[in-house]
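Peer 1: Provided below for reference: sequence and predicted model.
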Amino acid sequence: MIDTDYFLDPIHWSFAGAVIALAAVFAYLFFVRSNALQKFAFILATVLLYLVLGSPLATLDHFGLDSITMARHMVCLMVVPLLLWTAVPTASFRGSIARWIDRAMAHRNFIFYAWGIGALAMYGGHFLEASLLSAKIGTVICGVPPIPDKWAALIPPNAIFPVLVLAGLFFALPVFHPNKSMRMPPFQRVGYLFAACVSCAILGIYVAFLASSPAALAASPVLTTLRNPIPLSLRTDQQLAGLLMWVPGCLLYVTISMGILLEWLNGDSVQQGSEATIFISTEP
Amino acid sequence: MSLFIDIPEGKDQLPSPRSERGLLLWFSSVDHKQLGIMYLWLALIFFVIGGLEAMLIRTQLAFPDSPMMTAEIYNQIFTMHGTTMIFLVLMPASIGLGTYFIPLMIGANEMAFPRLNAFSFWMTCLGGILLYFSFLAGGAPNAGWFNYPPLSEANYSPALGIDYFTVGLILTGMGSIGAALNFISTVLTLRAKGMKLTMMPLFVWMMFVNSFLMLAAFPLLNAGLFMMLLDRQMYAHFFLPSTGGSAILWQHFFWAFGHPEVYILALPAFGIISEVIPVFSRKPIYGYRFVAASSVAIALLSYTVWAHHMFAVGMTYAMNGFFAISSMLIGIPTGLKVINWCATMHGGSLRLRVPLLFAIAFLIDFTLGGLSGISLAIVPIDWQVTDTYYLVAHVHFVFLGGSLYGIFAGIYYWFPKMSGRMLSERLGKWHFWLFVLGFNITFLLQHVLGVFGMPRRVYTYPSDLPYWRALNVWSSIGAVMMFAGVAVFLWNIYRSLKQPRAVKNNPWEAWTLEWYPASPPPLKNFEELPPIHSRRPLWDLANPENPDKRLN
Amino acid sequence: MKDKGRILILLFISSEAFFFIALIIAYVFYRNFSNATDTVAKHLEAGRATLFTLCLIASSGTLILSKRALRKGSEGGYKTWLALTILLGIVFMVGQITEYTGLYKEQVKMSTNVFGSSFFTLTGFHGLHVILGLIALSILLVLSMGKLKDTGRSALGGIDVYWHFVDIVWLFVLTFVYYVPLL
């Protein structure tokens, strides 16, 4: 089968990436004192990053597949940062960066900024990538027509991913800060994630339903298929992209919320007494 | 003559309507207990009306080619039956129980906003009255409880019924939002000292989570209903495909509300069951945290599944597949709950009183309803049986076997607290067996009818179709049994209310705070509170030598 | 925090947010997902709308200032800023009304087509919310003149959240209804 061959072909698996990933894992195991969960989180994060940036999934992107792009973005923005924060042991979270972060978190409206950056990265990242793809492929991708002067093509490929990871780290901070006492109270964390769910759902719904809109169908008829190893029509591809963001994206946050709630109901959460501050008070 | 009516300050806990100004005291009341009782009466009245409509439907369908009703009348009757039962029976009943018991269970004397509470009730009541006024205004709504356009638009349904439908539902929706706002702020601000959120009784937990669900779901319905109203009254084009609108958009709005609505009706029942089963099994609930947390999971997931109501609309395979998967996923937290309830009963010394009987029937029939739901989430099966009696059976298993059994259990359980009188156990058992047997006869058979291809919402059917006749007759016999059961229930309530108040504070030896004050509680619920250190304060009080693990 | 009024208003606006999300979704749906052509957008003047938007934003600013004045104990500052807030709100509403009458003269109505319907529904519901806020603010102003000063003050904490919310909703409406068609 052609698509299996595509995935198994070693040409598509980045050797340099694998070396870097392995080096990162070894460096982590050697230099950072961590427990099993943290080790697992770090290794998983590295593997995911490798899959996103160095595996055939990454090269699939060249075929203009919106769904692959969406999956890569989700991994970078939503999954990897959580794992990275989990992998940082509380004890080793010190130094100037940690101090800077903690000072930023002390700001009154920090969580609004953190949330906003997350949302901005999600929406901006997706539509930027869509314009990049459409410039490269020359068809309408996710409602973005190819721009004549192709400024989007000037953005270096993969430059968007570090930005996404950074934004994701920022977004995840109030929920996954390595120091548990710096996190928000449990109920507030669930609310924060719920708001993220809503925003994921809106993007997902938009992308998914845009695929069947008359304009999209006029731009590229239903059966238009890009030459790629996974035979997907443009329409299915875009629907997959939207649904990926909508359903698994929400599920991810629901699962995390469940974890938070169970921990809290168990009574071993650190902020036992802080439930009085359920709502953010903007009063001084 | 002075226009000023001096409304006397209430002193009696539940003023008799026959006393001087007693009726006024009820109308003007802002007491959460009186409002809770009024919600329940409202639900009961509409339950009888909706039940009579159901009887009309079953009488019509009992025999082929029945001449009793015309198709036009039949459409109105089934629309009103569905709308009444969902918006005017199950909603007010669960909100009423919440209004009555949330403050009592968290050790508060009142809701956070008593007047908002009264406002919510009267909005719901007004909505119901408007909906029924449509009968006098030229015909009831007749486009089904989900009111799909373009059928429900002015050019296909020119009678005013659907306008009353939209306005009535907007009002009840506002009432529900008001109640939800009140529940959340009550829970957040008025808990007794020492009671943390993690220590609340599960009924309060569920109502708390449920309120968030209501806050997010009803605005979507209201937005859709406003658009529908503008379409009909101001000649807008929102849902009219012929002039550029989109009928599918209404379906999305409606089901984005409608699926959470299923859980809005189910979660209070889950809460009641989580209270009843431990008390009648003489064991604390098994896995409190799973039951509590899974309700949040249900609440969040319920927003990612709505399009499974629309598999037949013609979405693409990718869409259908995703929604099938997410719909099945939502079975997991619900299944978790069922397992916890079973584990609570396991090894307990069961007291088979009526509330527990209803709880057990709930476990069985709700699980069946859940399973038929899973089968409907499988797209090809849905294509085959959607809009047949299979779907009708499913929805009734979820709403009756789920929500209504829970509410019945709650009423039998809490009636002594609300009125100071026990409901008769003997009549209660008659009610239980007649209703549950009748229910299962009626609706289990309808699964089969649906698979045989009987479409829903047909006002009659020809006589030469194999088995249709027999199945429909049996279905109607079951409905008569249910009706008899409800009659016994009404008689039971009437008879109990005739007796003098004789119930002690805690007749069931339950453990939550609502059983601490007298039955019925005085106007000010708590003069003093017992110490609260665990999820079962009254257990600690009764068993000082063997208290629960201290949680605060 | 046990300020139940504030909890109530925060919950209320989150519920309202869903209402407006639904209305905005309808507008975006008709523009992007249906094959109708947007006939309303070309009658709209984004520049003019921006001007009136500035008034609305400024009114949020003056409300913040008035609250700050109250906290400092400056009774006069509180009333002045409050009155200015109401005035700016009224200016915004006048802008809305003149826009509506202008559109009616150009035969753009609720019944013209879906865009007319959703435009008037969306901006109309927003306008209703602004009017509601104006009524609430006026009550506050009247109360601050009379003997019930303290009652008014305790209500300010809720009304200001509501007013800012109405403001933010308008920014979204402005973006989706006035600016996006220009892109």
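Peer 2: Ah, there it is.

Peer 1: Please count neighbours and contacts with C-alpha atoms only from this point.
Peer 2: Will do.

Peer 1: Could you report the pLDDT at the nearest residue to A:Val190 once chain neighbours are set aside?
Peer 2: Ranked by Cα to Cα, 6 or more residues apart in numbering or on different chains and with sequence neighbours excluded, the top spatial neighbour of A:Val190 is A:Ser257, at 5.4 Å. For A:Ser257, the pLDDT comes out at 90.

Peer 1: residues in contact with A:Ser257?
Peer 2: A:189-190, A:193, B:297 (Cα atoms under 8 Å, 6 or more residues apart in numbering or on different chains).

Peer 1: Please give the element, helix or strand, for it.
Peer 2: For A:Ser257, the host element (DSSP states H and E) is helix A:234-266.

Peer 1: Just the buried positions in that helix, please.
Peer 2: A:234-251, A:253-254, A:256-258, A:260-265 (16 or more other Cα atoms under 10 Å in any protein chain shown).

Peer 1: The contacts of A:Ser257: which two are farthest apart?
Peer 2: By the measure Cα to Cα, A:Arg189 and B:Ala297 form the most distant pair in those, at 14.3 Å.

Peer 1: Can you pull out the low-pLDDT segments for chain B?
Peer 2: B:1-12 (pLDDT under 70).

Peer 1: Scan it for its longest helix.
Peer 2: Identified as the longest helix of chain B according to DSSP state H is helix B:247-281.

Peer 1: what's the burial count for the closest residue to chain C within the stretch 51-200 of chain A?
Peer 2: The nearest approach of the stretch 51-200 of chain A to chain C comes at A:Gly143, 9.0 Å away (Cα to the nearest Cα). Around A:Gly143 there are 20 other residues, counting by other Cα atoms under 10 Å in any protein chain shown.

Peer 1: Can you report phi and psi for it?
Peer 2: phi 80, psi 0 (degrees, to the nearest 10).

Peer 1: still on that earlier bit, just checking, what packs against the longest helix of chain B?
Peer 2: On a contact count with 3 or more Cα pairs under 8 Å, 6 or more residues apart in numbering or on different chains; DSSP states H and E, helix B:247-281 meets helix B:91-105, helix B:202-233, helix B:288-301, helix B:331-345, helix B:354-377, helix B:405-419.

Peer 1: That helix to helix B:91-105, inter-axis angle?
Peer 2: Using axes from the mean of the first three to the mean of the last three Cα atoms, to 10 degrees, the direction of helix B:247-281 lies 40 degrees away from that of helix B:91-105.

Peer 1: Show the contacting residues for the residue in chain A that chain C sits nearest to.
Peer 2: Closest to chain C within chain A is A:Ser213: 4.3 Å, counting by Cα to the nearest Cα. Contact partners of A:Ser213, counting by Cα under 8 Å, 6+ apart, are C:32-35.

Peer 1: between the longest helix of chain B and helix B:288-301, how many degrees?
Peer 2: Using the same axes, to 10 degrees: helix B:247-281 against helix B:288-301 is 170 degrees.

Peer 1: so how far is helix B:247-281 from its chain's centroid?
Peer 2: From the chain centre to the centre of helix B:247-281 is a distance of 8 Å (Cα atoms, centre = their mean, to the nearest Å).

Peer 1: and chain C, which of the helices and strands packed on helix B:247-281 is closest to it?
Peer 2: Per Cα to the nearest Cα, nearest to chain C of the helices and strands packed on helix B:247-281: helix B:202-233, 4.6 Å.

Peer 1: Give the buried residues for the closest one.
Peer 2: Using 16+ other Cα under 10 Å as the burial criterion, the residues of helix B:202-233 that qualify are B:202-232.

Peer 1: ok, is it in contact with chain A or not?
Peer 2: No: Helix B:202-233 lies out of reach of chain A by Cα under 8 Å from any Cα of the partner chain, never closer than 10.6 Å.

Peer 1: could you check the angle helix B:247-281 makes with that helix?
Peer 2: Using the same axes, to 10 degrees, helix B:202-233 lies at 160 degrees relative to helix B:247-281.

Peer 1: what about helix B:202-233, near chain C?
Peer 2: Yes: Helix B:202-233 comes into contact with chain C (Cα under 8 Å from any Cα), by way of B:215-216, B:219-220, B:222-224, B:227.

Peer 1: Look up phi and psi at the residue lying closest to A:Ser55 once chain neighbours are set aside.
Peer 2: Take A:Ser55 and drop its neighbours on the chain: the residue closest to it by Cα to Cα, 6+ apart is A:Trp13, 4.7 Å away. Main-chain torsions, A:Trp13, degrees, to the nearest 10: phi -100, psi 120.

Peer 1: And for B:Thr388?
Peer 2: Dihedral pair for B:Thr388: phi -120, psi -180, per degrees, to the nearest 10.

Peer 1: That one against B:Gly453, yeah?
Peer 2: Yes: with contact defined as Cα atoms under 8 Å, B:Thr388 and B:Gly453 form a contacting pair (6.3 Å).

Peer 1: The two: which is more packed in?
Peer 2: B:Thr388 (22 against 17).

Peer 1: so what's the more buried one up against?
Peer 2: Applying Cα under 8 Å, 6+ apart, the residues contacting B:Thr388 are B:450-451, B:453-456.

Peer 1: If we ignore the residues flanking it in sequence, what's nearest residue 14?
Peer 2: Using chain A. A:Gly54 (4.9 Å).

Peer 1: my bad, chain B
Peer 2: Spatially, and ignoring its direct neighbours in sequence, B:Leu14 is nearest to B:Gln34 (6.9 Å; Cα to Cα, 6+ apart).

Peer 1: Show me what the helix or strand where the one you found lies is packed against.
Peer 2: Secondary structure assignment for B:Gln34, by DSSP H and E: helix B:32-62. Judged by 3+ Cα pairs under 8 Å, 6+ apart, the packing partners of helix B:32-62 are helix B:71-83, helix B:91-105, helix B:114-133, helix B:468-498.

Peer 1: Deepest in the core, which of these is it.
Peer 2: helix B:91-105 (a mean of 27; mean count of other Cα atoms under 10 Å in any protein chain shown).

Peer 1: Show me what it is packed up against.
Peer 2: Under the contact criterion of 3+ Cα pairs under 8 Å, 6+ apart, helix B:91-105 touches helix B:32-62, helix B:161-189, helix B:202-233, helix B:247-281, helix B:405-419.

Peer 1: now that helix and helix B:114-133, what's the angle there?
Peer 2: Relative orientation of helix B:91-105 versus helix B:114-133 (the same axes, to 10 degrees): 160 degrees.

Peer 1: Just the residues contacting helix B:91-105, thanks.
Peer 2: By Cα under 8 Å, 6+ apart, the surrounding residues in contact with helix B:91-105 are B:32-40, B:42-44, B:109-111, B:124, B:176, B:179, B:183, B:186-187, B:190-191, B:200-201, B:203-204, B:207, B:265, B:268-269, B:407, B:410, B:512-514, B:525.

Peer 1: What of stretch A:35-52?
Peer 2: Here stretch A:35-52 has contacts from A:17-18, A:21, A:24-25, A:28-29, A:57-58, A:72, A:75-76, A:79-80, A:83-84, A:86-89, using Cα under 8 Å, 6+ apart.

Peer 1: Go again with 6 Å.
Peer 2: Outside stretch A:35-52, the residues within contact range by Cα atoms under 6 Å, 6 or more residues apart in numbering or on different chains are A:58, A:72, A:80, A:83, A:87.
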